[in-house]
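**Q** Next come a sequence and a model predicted from it.
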Amino acid sequence: MKYFLLLLTLLLPLWTKGETATSVASQFDTANQLYAQSKFVDAAAAYRQIITNGTVSPALFFNLGNAHFKAGQLGQAIAAYRQAEELAPRDPDVRANVQFARNRVQGPRLSLSLWRQKLGTLSAQEWVTLSTVAVWITFGLLGARIIKPSLRLPLRPWTLVSIIGTLLIITGAKLATSQSASTQTAIVITTDVTVRTSPFEESPSAFTAHDGAELRILDRKNDWLQVTDGSRNFGWIKRTAVEVSERS
Amino acid sequence: MERQLWQIKINRPQRSVLTLRAGALLLGYLLLSIVTATAVTFTASLDRETLSLGESARLSLTFDGAQPDGTPTPPPVPGLQFSYNGPSREYRMVNGQSFTRITHNFTVTPRQTGDFTIPAMSVTYDNQQLSTQPLQVKVLKPGAPSPEAVANGSQSVFLRLQLPKTNLYLGEVITGEYQLYIREGVGAGQFQFTGTPAEGITIGKMSELQRRRVQLGNFVYTVIPVAVALTPVKTGPLSVGPVTANIVVEFPSNNRRREGFDPFGMFGSVDRRQLSLVTEEHSIQCAPVPTEGQPADFTGAVGNFTMAVSVGPTNVATGDPITVRVEINGRGGLDGLTLAPQAAWENFKTYPPTTRIETSDPLGLQGTKIFEQIVSPENADIRELPPLSFSFFDPETKTFRTLTHPATQLTVRHGGSVVVPTIAAGNKPASDAPAQQLDIVPIKPHLGKISLPTTSQGFSRTFIALNVAPMVAFLGVIIWRKRSDALANNPRLRRQRQVDATLRVGLEKLRDLAAQNKSDEFFAELIHLLQAKLGAQLDLPASAITEAVIDEKLRPRGIPDSTLAELHELFQTTNLARYAPIKSSQALAAIIPKLESALHKLDEVKA
C-alpha cells in the first residue's frame, strides 16, 4: 500500500500534464473552428487566451497572426508572426506570411541597414549554435593535427579557414545576441498614429505611422516611446498605440 | 584797401539796423528750413493703368521727406492681388538741403477683368495724416494673336491650345496640347503659366513632348508642345481657356548708340522684355453617358479597357479566403474605376477590394488598375466562383462593352479540414513570371511542439560549457602529446616502464607457477624478472646481468648491504634450485615476498 501511494504520487504530475495538453489541444481546435467560421476576432481572442494560460508554440502564434490579419489588424498580425518566427525561424509558412503582411503596410516603416539584414538571415539562437559547431570543428582539426602529426600539413589550409570562419561566426553570434538583447521594436497596432516631435500631446507632428509599421525604439519617457524608422524619421509615439517586440 | 574797408567805422544806429536785418534773415532761413524739413508727402502711383488679364502692374507708395517706420499695406481689392516687393530708398543733397524718399513697391496682379479702384490710403506720421489719391486700373480680357499676325511673322512668340475633339462624354479623358511658338532668332526663357481657366473641366498632369520646327508664312518657328490631361466633370457647355502665361523674350537691340563701340553688332546687345501670352478660348460640349443599353454593372468607367482575372487558391475549406485579382488595363480615367458588386457571388462572403494603379504614361491615362478582393465560400456545396464582369463605355465607338471572365472551378470542403495552400494561377503561363503569393498561408491545424518562452538568447551557461569542452579536450591532447614525445626521447624511461609492466605481469605469473608447483618455470621467471629489473636500473642488457654484477655495479652506488644480501640470496636460491628443485608450493610462494622486497628496494637506487 505504501509503495502504491508512492507510485501514485510520482505518476500524478505526468497524468495532470497529459490532461492539460489535451485541454490545450481542444482549445486550439475550438479557436481553429472560429477561424474557419470567419469569426476572426473571436478566433484571435481564443488563441490569445491559450497563450495567456502559459502555452506557447509556433503554430499558435502563426494562427493568431492569421486571425489578426483576417480581422484587419495588421500590426497585431505582424507582432504575432514575429513571435512565431522567434520560435521557428526556419518555418517557411511563417516567413511567407510575415513578409506578406509587411508588404501591406503603408507609409514609413523600419528599414534595416545591409549588415543588419545579413545578420538577420539567422536568428540569434542559430548564430550561437553555429558558433558552437564551428568551435568544435576548429578544435577537432587542431587536435587531429596534434594526435597524428602526419596530418599536420594536409590539414593546414582547412585549419586556417576554420579558425578564420570560427572567429567570424563568433563575432556574428555576439552581434546577433547583443542586438537581440538591446534592440526593441514597436509595432503600430492602430490604424493611423501621429508620431510627435516630443513626448507631449501638444507637440507638432513628426510623421504619421500606419497600422503594422515596425519602428525601432530609442528611448522611453512615461507613456511615450521615442522611435525611428531607421532613416530620417524620428519622433515620440504613445505606448498604447504600439506593441513592443523584444526582437529587432 | 580791403583793410580799409573793414576798418570803416559804423555808427551805433546803423549797426542796430544791420543787426536786425541779419537776425530776420537768419530767422527766415531757420523757419524755411523747418518748413522744408516738415513738408512730408505720401503718394501712390501705378506704372500702367490698363493691362490684360495675365499681366501685372507695379504699385509704388512713396514717402517724400520722411522715412516712417513700418510698411503701408494696400487695402484689399476684390479681383486684384498685391504682393510686396520691398522698399527702395533715395537720398539727395540739393543746394545744401537734404532730400529723402522711400518707395514701397508692390506687384498688382488682376484675377479677373473689369475696372478697379485702389482706394486712397492713409498713414499717420508725426501727428500728421498723410493720404494718397485713389488709383484706377482697367483690366482687359486678353486676346490671342490674330491668324494674320501669326502668318506675317509679327508675333515673335505666341501660345496655342489644341484639343483633339470638343464633343465629349462625361468622364471621358482627352489629351490637349499647349503649343509655345518661338520665332527663329528670338531667345526666350522663364516660361510660366499664370492662368489656366477651365469651366467644368479638370486639368490633370502635364508632360513636355518632343520639340519640332514649323514654317508659318515666311518665318520658321520652334514649337514646344506640352500635353495635358483634360477630363469633363459635368455635362453641358464647357470651356477651356484663355490660358495665360508669361515669358521673358530677348530681341536684338536697336540701340544706335552702340554703333560707335560695336559697329558690327559683334557683342550681341539684346533687349529683354517680359511678354504675356494668351491662347484662344475653346468651347466644349459634354454629353452624359447614354442610358440606353447601359449594362447593369456599369459604374461609370469611360475609356477603352481589357481585363485579366486570377483566382486562388481554388482548393479550400468553407470560410477560407480566396483572392480574386482583377487587372483592368487600358486608357481612360483609371482613378475613378470601380468594380461593380457581383450579384452572382451571394454564396460568398466578400470583403472590400484593395486597389492600386500602375500607369505607363506620364499623364497617368494609360495603365493598369489592380483590384485584389478577398472572398470566402460560405458552404461546401459551392463548386465554382461565378463569372466576373466589368462594363465600360467606349467613347470612340459610342457603345457599351462588357468584359466577362468565365466561372472558376472550386473545390470547397467543410471547414476545419487541412488545406494545402495553392498559389493562384493567372492567365499567363507559369513560366512567364514567378509565382506570386496572393494571400496568407492558411492556419495550422495542429498545435505542434510546445515551446518554452526564451528569456535570454545570450551566451548561456550551456553555450559556454559546450564551447569550453573542446578547449579542455584540446589541452588534454596537448599534454598527451608532450608526454608521448618525452617518452619517445628517453629510452631508459621507456625501458623502465616496460620493465614495470613486465614485473606486474611476471609477479602474477610467479604466483600461478608457485601454486602449480612448477619449480623450474618458477625460477626461470624469477631470474628473468631480476635481470630485467637490474638491467633497467643499471642500464645494461638483461642478459648481461649475473650475480657478480651485484658487487661490481650495485655496491659502488651505496646500496645497503641488506639489499645486496637479499639479491645474493635470490640468485643463489635460483642456482640451487637448478640442481635441487623445490617441490613445495609453499616454499615457492615464500620466495615471492622476498623478490618483491628486493625489487622495491631497487626502485630507490638512482639510475
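**A** Looks like it arrived, so ask away. Numbering: from 1, shown residues only, chains lettered A, B, ... in the order given.
**Q** Please enumerate the strands of chain A.
**A** Using DSSP state E, the strands assigned to chain A run over residues A:185-188, A:192-196, A:205-210, A:214-221, A:224-228, A:234-238, A:242-245.
**Q** So for B:Arg89, which of these sits nearest?
**A** strand A:205-210 (42.8 Å; CB to CB). For the C-beta atoms, the positions are set from N, CA and C on the backbone; glycine is no exception.
**Q** List of residues touching the closest one?
**A** Residues from elsewhere that reach strand A:205-210 (CB atoms under 8 Å, 6 or more residues apart in numbering or on different chains): A:105-109, A:188, A:191-197, A:215, A:227, A:229, A:233-237.
**Q** Apply 6 Å and report the result again.
**A** A:106-108, A:188, A:192-197, A:233, A:235 (CB atoms under 6 Å, 6 or more residues apart in numbering or on different chains).
**Q** And for stretch B:580-593?
**A** Around stretch B:580-593, the neighbours that count as contacts under CB under 6 Å, 6+ apart are B:510, B:514-515, B:517, B:519, B:522.
**Q** hmm, which of the residues you listed are the buried ones?
**A** Among the contacts of stretch B:580-593, the ones that count as buried by 16 or more other CB atoms under 10 Å in any protein chain shown are B:510, B:514, B:517, B:519, B:522.
**Q** quick revisit: export the strands of chain A to a markdown table and tack on mean neighbour count?
**A** As requested, those are exported to a markdown table (neighbours: other CB atoms under 10 Å in any protein chain shown):
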| stretch | mean neighbour count |
| --- | --- |
| strand A:185-188 | 26 |
| strand A:192-196 | 19 |
| strand A:205-210 | 18 |
| strand A:214-221 | 18 |
| strand A:224-228 | 22 |
| strand A:234-238 | 22 |
| strand A:242-245 | 18 |
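**Q** For A:Gln49, find the nearest of those.
**A** Among those, if distance is taken as CB to CB, the winner is strand A:242-245, at 17.1 Å.
**Q** Just confirm B:Gly241 contacts B:Thr279, I think it does.
**A** Yes: under the criterion of CB atoms under 6 Å, B:Gly241 makes contact with B:Thr279 at 5.0 Å.
**Q** ok, how many other residues are close to the residue in chain A that chain B sits nearest to?
**A** Closest residue of chain A to chain B, CB to the nearest CB: A:Ala36 (3.2 Å). By other CB atoms under 10 Å in any protein chain shown, 21 other residues sit near A:Ala36.
**Q** Does it touch B:Val316 like I think?
**A** No: counting by CB under 6 Å, A:Ala36 sits too far from B:Val316 to count as a contact (10.3 Å).
**Q** What's the local residue count around residue 45?
**A** As the question left the chain open, I've gone with chain A. 14.
**Q** should've been chain B
**A** 14.
**Q** Off-centre distance for the longest helix that chain B contains?
**A** Of all the segments of type helix in chain B, defined by DSSP state H, the longest one is helix B:461-488. Per CA atoms, centre = their mean, to the nearest Å, the displacement of helix B:461-488 from the mean C-alpha position of its chain is 53 Å.
**Q** Buried residues, the helix or strand following it. List them.
**A** Next helix or strand after helix B:461-488 toward the C-terminus (DSSP states H and E): helix B:491-515. Using 16+ other CB under 10 Å as the test for burial, helix B:491-515 gives B:495-496, B:499, B:502-503, B:506-507, B:509-510, B:513-514.
**Q** List just the nearest of the residues you listed to chain A.
**A** For these, the nearest to chain A is B:Arg495 (23.8 Å; CB to the nearest CB).
**Q** ok, that closest one touching B:Leu538?
**A** No: the criterion here is CB under 6 Å, and B:Arg495 misses it with B:Leu538 at 11.3 Å.
**Q** circling back to that earlier point, shared neighbours of B:Gly241 and B:Thr279, anything?
**A** Shared contacts of B:Gly241 and B:Thr279, counting by CB under 6 Å, 6+ apart, come down to B:Leu161.
**Q** more crowded one of the two?
**A** B:Gly241 (25 against 22).
**Q** helix or strand for B:Pro145, which one?
**A** Going by DSSP H and E, B:Pro145 is not part of any helix or strand.
**Q** What is the burial count for it?
**A** Counted with other CB under 10 Å, the neighbours of B:Pro145 add up to 19.
**Q** same question, the one 3 residues further on
**A** In terms of burial, B:Glu148 registers 10 neighbours under the definition other CB under 10 Å.
**Q** One more: A:Leu168?
**A** Residues lying near A:Leu168 (other CB under 10 Å) number 12.
**Q** Could you do B:Thr113 as well?
**A** Close neighbours of B:Thr113, defined as other CB under 10 Å, add up to 14.
**Q** ok, back up a step: so which pair among the buried ones among the contacts of stretch B:580-593 is furthest apart in space?
**A** Taking CB to CB, the two most distant members of the buried ones among the contacts of stretch B:580-593 are B:Leu510 and B:Asn517; they sit 12.4 Å apart.
**Q** and the spatially most central residue of chain A, what pLDDT?
**A** Taking CA atoms, centre = their mean, the centroid of chain A lies closest to A:Glu86, which sits 3.1 Å from it. A:Glu86 is assigned a predicted lDDT (pLDDT) of 84.
**Q** same check, this time on A:Tyr81
**A** On the pLDDT scale, A:Tyr81 is placed at 93.
**Q** What distance do you get for the closest residue to B:Thr573 other than its chain neighbours to chain A?
**A** Closest residue to B:Thr573 apart from its sequence neighbours, by CB to CB, 6 or more residues apart in numbering or on different chains: B:Ile591 at 6.5 Å. B:Ile591 sits 45 Å away from chain A, going by CB to the nearest CB, to the nearest Å.
**Q** Kindly report the same for B:Asp47.
**A** Shown here: B:Asp47 relative to chain A, a distance of 43 Å by CB to the nearest CB.
**Q** now B:Ile440
**A** B:Ile440 is 5 Å from chain A, where distance means CB to the nearest CB.
**Q** wait, doesn't that residue sit right on A:Gln99?
**A** No: counting by CB under 6 Å, A:Gln99 is not a contact partner of B:Ile440; they are 9.9 Å apart.
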